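S.K.: kindly return the folded structure for what I paste below:
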Amino acid sequence: MIKITLPDGSVREFDCPFVSGLEIAQSIIEGLAREVIAADVNGEIWDRARPIAHDSKVRLLTWKDDEGKAAFWHSSAHLLAYALQELYPEVKFGTGPAIERGFYYDVDFGDYKFTETDFAKVEAKMLELARQKHTNIRKEIAKNEAIDFFTIKNDPYKLELLEGLSDGTITFYETGSYTDLCAGPHIPDTSPIKAVKLISVAGAYWRANENNKMLTRVYGISFPKKSELDDYLLALEEAKKRDHRKLGRELDLFYFNESVGMGLPLWAPKGAALRENLIQFLRRVQTRAGYQHVSTPHIGKKELYITSGHYAKYGKDSFQPIHTPEENEEFFLKPMNCPHHCEIYNAKPHSYRELPIKYAEFGTVYRYEQSGELHGLTRVRGFTQDDAHIYCRPDQLKAEFLKVVDLVNFVYSKLGFSEFQTQISLRDPANKQKYLGTDEMWNMAESAIVEATQERRMKTTTKEGEAAFYGPKLDFMVRDAIGRKWQIGTIQVDYMMPENFDLKYTGNDNETHRPVMIHRALFGSMERFIALLIESTGGNFPTWLAPEPVRILPISDKYNYYAYEVMRTIMEETDLMVAIDEREEKISRKIRDAEVQKVPFMLIVGEQEMIKRSVSVRKHGAGDLGDMHLSDFIDIYRREMKLDLSSIHA
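M.R.: Residues are numbered from 1 along each chain as shown. Next comes the predicted model:
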């Protein structure tokens with residue numbers, strides 16, 4: 001008798017030696033059986049036909065589930081390899097995983113240069129093979145047999161992968177005449193794949209090692225319905241229009257330059273103004289919430305990161321030292337802010353009455369990313385974090401964690417991110433040596449996060465193995481215009497770093513106690529957050545955030561004097577930013593340029609406006625608002641710039 005526990009807590013019993021996910025679905029309702037792609041069995045994703053021989057917790061997965069899509073796209077990667085094998089018999093294959101939106105396969109084409117001109121025939125071959133309904137067959141195989149197979153096939157990449165695998169853990173998947181070294185899972189056969197599109201081709205070093213051969217990475221996506229592919233391609237076109245790299249140039253926000261170094265953004269005046277507006281917004285919010293703002297250096301001594309545990313975790317290859325004339329003295333570009341904040345806390349003694357202590361910093365940090373991983377502002381080598389650390393008593397932990405959750409909700413709502421996902425990231429229970437700290441510390445930290453999310457009735461997913469090395473975390477993710485998921489904010493509970501830095505406070509019993517530390521970033525990386533903000537708004541920022549909220553457009557240069565008078569009046573009464581377009585251009589051109597650059601308010605001034613001491617107001621996206629007295633516009637401007645922070649408390 002096998003007992004299967006479903007997500008709703010119900011238990012189904014099967015009087016047989018084993019049962020599959022498909023059979024479980026059939027026992028519920030036949031329609032579900034037709035939709036099931038795979039099954040989550042005790043936290044592992046299995047093929048739907050794979051036999052379950054023991055009592056288990058099972059969640060049935062369909063195309064609607066992220067894990068279901070991953071199995072579908074993993075099978076599509078195999079279908080791509082199958083098609084390439086048919087069209088280019090001499091190819092060698094690296095790895096071909098599902099990714100968040102689609103799949104890729106790393107391929108060695110030998111002397112053949114595979115380009116986008118090859119896409120159409122590969123797509124046609126994939127659909128031809130899919131219609132043939134080839135079954136994806138899972139086979140367990142001995143290591144020596146696997147080595148023999150890929151030796152005969154002359155596939156060095158699979159042989160190298162086999163070197164790291166143990167006998168008894170190796171599986172093949174066969175799809176028609178294509179065989180791959182793969183752990184799965186996969187959809188039952190190729191027939192559900194109804195629509196395929198190869199998206200791009202790029203170079204990728206084998207196993208992400210710059211010393212290895214450059215392979216050809218072929219990206220694609222697939223769907224069970226052609227209409228879904230059509231919708232995706234429309235979204236992709238819209239995403240290209242909203243691409244932050246494109247808009248960043250067009251709106252004169254930021255640039256990259258090889259002479260400065262790739263992955264190191266240069267912020268133009270408007271981009272710097274956008275950053276500063278975000279910083280000032282969050283600074284005001286944090287001040288109301290009881291945070292104290294601090295500032296720390298861009299470098300730190302090696303010993304600082306040894307104490308924090310970061311050096312041992314990331315190793316010598318992650319951060320290259322800066323040597324000084326002093327013998328054996330080494331510094332590093334700051335990879336994170338938390339060790340510096342711990343030393344600020346340690347600078348003087350603390351009483352339990354002072355806690356919680358909240359330090360916040362907009363601190364720039366530096367981390368090496370391989371050149372192939374860099375992507376606009378979303379993956380850079382130097383970035384600014386809105387980093388904060390809360391030092392609290394254990395009895396304050398849950399309340400402080402909840403306050404941060406509320407702060408996240410407030411900030412994201414003001415910036416238009418009303419829909420986001422939350423993920424509880426826990427340590428891998430099967431690989432505890434990856435993490436620092438005791439079981440007791442981890443159990444307390446994980447329990448605090450789970451209890452807090454339950455109290456706020458938050459919808460969360462839980463991922464084992466994705467915690468920080470020093471503690472579990474609650475991550476906040478948003479999706480971009482084409483559905484890619486990006487982590488922005490994070491809240492992390494840490495019992496370990498207070499131990500490493502010997503942080504203390506005197507309790508009401510006059511004894512020495514250890515505080516708990518909460519790491520917190522709402523934007524995460526300012527650069528990544530701004531990239532997502534650009535793409536989510538299309539560059540149409542709210543007035544209070546826009547780098548250039550008002551531009552005055554004199555009809556001709558003889559009205560420039562009045563334009564400056566208007567500018568001075570607005571700035572004196574509001575202390576807010578105003579610009580003037582003094583170019584000798586027609587007013588229609590000035591308006592068009594301001595619209596293209598997404599300036600929220602345009603004030604047109606000419607003879608009539610000068611006589612009446614008024615302005616003709618135009619709003620981006622709304623058109624002409626008519627002629628009004630300057631004081632009336634200032635009232636509108638003030639309302640647009642005002643943010644209600646009354647709900648924020650320490």
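S.K.: can you list the domains in the protein?
M.R.: Per the record, the chain has its domains at 2-62, 67-241, 266-293+336-537, 550-641, by automatic domain parsing.
S.K.: would TSV of the ones you listed with mean neighbour count, mean pLDDT and distance to residue 326 be doable?
M.R.: Glycine gets a C-beta too; all of them are placed from N, C-alpha and C. Below are the domains of the chain laid out as TSV (neighbours: other Cβ atoms under 10 Å; pLDDT from 0 to 100; distance: least, Cβ to Cβ, whole Å):
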stretch	mean neighbour count	mean pLDDT	distance to residue 326
domain 2-62	16	91	51
domain 67-241	17	94	33
domain 266-293+336-537	18	90	20
domain 550-641	17	93	46
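S.K.: to residue 306, which of those domains lies closest?
M.R.: Proximity to residue 306 (Cβ to Cβ) singles out domain 266-293+336-537 among these, at 9.3 Å.
S.K.: now the end-to-end length of that closest one.
M.R.: Terminal residues of domain 266-293+336-537 lie 22 Å apart, using Cα to Cα, to the nearest Å.
S.K.: max-length helix in this protein?
M.R.: Longest helix in the chain by number of residues, with DSSP state H as the criterion: helix 66-87.
S.K.: would you map the strands across the stretch 251-400 of the chain?
M.R.: Counting by DSSP state E, counting those that start in this stretch, one finds strands in the stretch 251-400 of the chain at the ranges 254-255, 266-267, 292-293, 299-301, 322-323, 330-333, 357-366, 382-392.
S.K.: who does residue 19 bridge with?
M.R.: On the basis of DSSP bridges, residue 19 is bridged to residue 52.
S.K.: name the next helix or strand downstream of the longest helix of the chain, please.
M.R.: Following helix 66-87 in sequence order, the next helix or strand is strand 92-93 (DSSP states H and E).
S.K.: mind listing what that next one pairs with, with the direction of each?
M.R.: By DSSP bridges, strand 92-93 pairs with strand 102-108 (antiparallel).
S.K.: and the partner strand with helix 66-87, angle?
M.R.: With axes from the mean of the first three to the mean of the last three Cα atoms, to 10 degrees applied, the angle from strand 102-108 to helix 66-87 works out at 30 degrees.
S.K.: would you reformat the domains of the chain as TSV and include distance to residue 307?
M.R.: Shown next, in TSV, are these (distance: least, Cβ to Cβ, whole Å):
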stretch	distance to residue 307
domain 2-62	35
domain 67-241	30
domain 266-293+336-537	5
domain 550-641	44
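S.K.: looking at these, spot the one closest to residue 648.
M.R.: domain 266-293+336-537 (4.2 Å).
S.K.: how close does residue 428 get to residue 473?
M.R.: In this structure, residue 428 and residue 473 are 14 Å apart, going by Cβ to Cβ, to the nearest Å.
S.K.: if we can go back for a sec, need the strands of the stretch 251-400 of the chain in JSON lines (columns: distance to residue 549).
M.R.: Putting the strands of the stretch 251-400 of the chain into JSON lines (distance: least, Cβ to Cβ, whole Å) gives the following:
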{"stretch": "strand 254-255", "distance to residue 549": "19"}
{"stretch": "strand 266-267", "distance to residue 549": "18"}
{"stretch": "strand 292-293", "distance to residue 549": "25"}
{"stretch": "strand 299-301", "distance to residue 549": "37"}
{"stretch": "strand 322-323", "distance to residue 549": "41"}
{"stretch": "strand 330-333", "distance to residue 549": "35"}
{"stretch": "strand 357-366", "distance to residue 549": "22"}
{"stretch": "strand 382-392", "distance to residue 549": "22"}
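S.K.: which of the three states applies to the residue positioned nearest the centre of the chain?
M.R.: The structure's the chain has its C-alpha centroid closest to residue 486; by Cα atoms, centre = their mean the separation is 2.1 Å. Classification of residue 486 by DSSP: H, G, I helix; E, B strand; the rest coil places it in strand.
S.K.: surely it touches residue 479?
M.R.: Yes. With contact defined as Cβ atoms under 8 Å, residue 486 reaches residue 479; the gap is 7.5 Å.
S.K.: mind checking how far stretch 327-342 is from the chain centre?
M.R.: From the chain centre to the centre of stretch 327-342 is a distance of 26 Å (Cα atoms, centre = their mean, to the nearest Å).
S.K.: list the contacts of it.
M.R.: With contact meaning Cβ atoms under 8 Å, 6 or more residues apart in numbering, stretch 327-342 is reached by 294, 296-302, 304-305, 307-308, 310, 314, 318-324, 359, 361, 363-367, 385, 387, 389, 497-498, 501, 503, 517, 519.
S.K.: apply 6 Å and report the result again.
M.R.: Defining contact as Cβ atoms under 6 Å, 6 or more residues apart in numbering, one finds that stretch 327-342 is touched by 296, 298-302, 304, 308, 319, 321-322, 359, 361, 363, 365-367, 387, 389, 501.
S.K.: dump the host helix or strand of residue 230 to PDB, restricted to CA.
M.R.: Using DSSP H and E, residue 230 falls within helix 226-242. Provided in PDB are the C-alpha atoms of helix 226-242 (Å, rounded to 0.1, in the frame of the first residue of the first chain):
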ATOM      1  CA  LYS A 226       0.900  28.500 -31.600                       C
ATOM      2  CA  SER A 227      -1.300  31.300 -30.200                       C
ATOM      3  CA  GLU A 228       0.900  31.300 -27.100                       C
ATOM      4  CA  LEU A 229       4.000  31.700 -29.300                       C
ATOM      5  CA  ASP A 230       2.400  34.500 -31.200                       C
ATOM      6  CA  ASP A 231       1.600  36.300 -27.900                       C
ATOM      7  CA  TYR A 232       5.200  35.800 -26.800                       C
ATOM      8  CA  LEU A 233       6.600  37.200 -30.000                       C
ATOM      9  CA  LEU A 234       4.400  40.300 -29.600                       C
ATOM     10  CA  ALA A 235       5.600  40.700 -26.100                       C
ATOM     11  CA  LEU A 236       9.200  40.300 -27.300                       C
ATOM     12  CA  GLU A 237       8.700  43.100 -29.800                       C
ATOM     13  CA  GLU A 238       7.300  45.300 -27.100                       C
ATOM     14  CA  ALA A 239      10.200  44.400 -24.800                       C
ATOM     15  CA  LYS A 240      12.700  45.500 -27.500                       C
ATOM     16  CA  LYS A 241      11.000  48.900 -27.500                       C
ATOM     17  CA  ARG A 242      11.300  49.000 -23.700                       C
END
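S.K.: which strands or helices does that helix pack on?
M.R.: When contacts are defined as 3 or more Cβ pairs under 6 Å, 6 or more residues apart in numbering; DSSP states H and E, helix 226-242 packs onto strand 195-205.
S.K.: tell me the helix or strand right after the strand it packs on.
M.R.: Trace forward from strand 195-205 with DSSP H and E and the next one is strand 214-223.
S.K.: what pairs with that following strand, and is each one parallel or antiparallel?
M.R.: Under the rule (DSSP bridges), strand 214-223 has strand 102-108 (antiparallel), strand 195-205 (antiparallel) as partners.
S.K.: so which of those strands is nearest residue 146?
M.R.: Of all the strands paired with strand 214-223, strand 102-108 sits nearest to residue 146, with 19.2 Å by Cβ to Cβ.
S.K.: now the angle from the closest one to helix 226-242?
M.R.: Relative orientation of strand 102-108 versus helix 226-242 (the same axes, to 10 degrees): 80 degrees.
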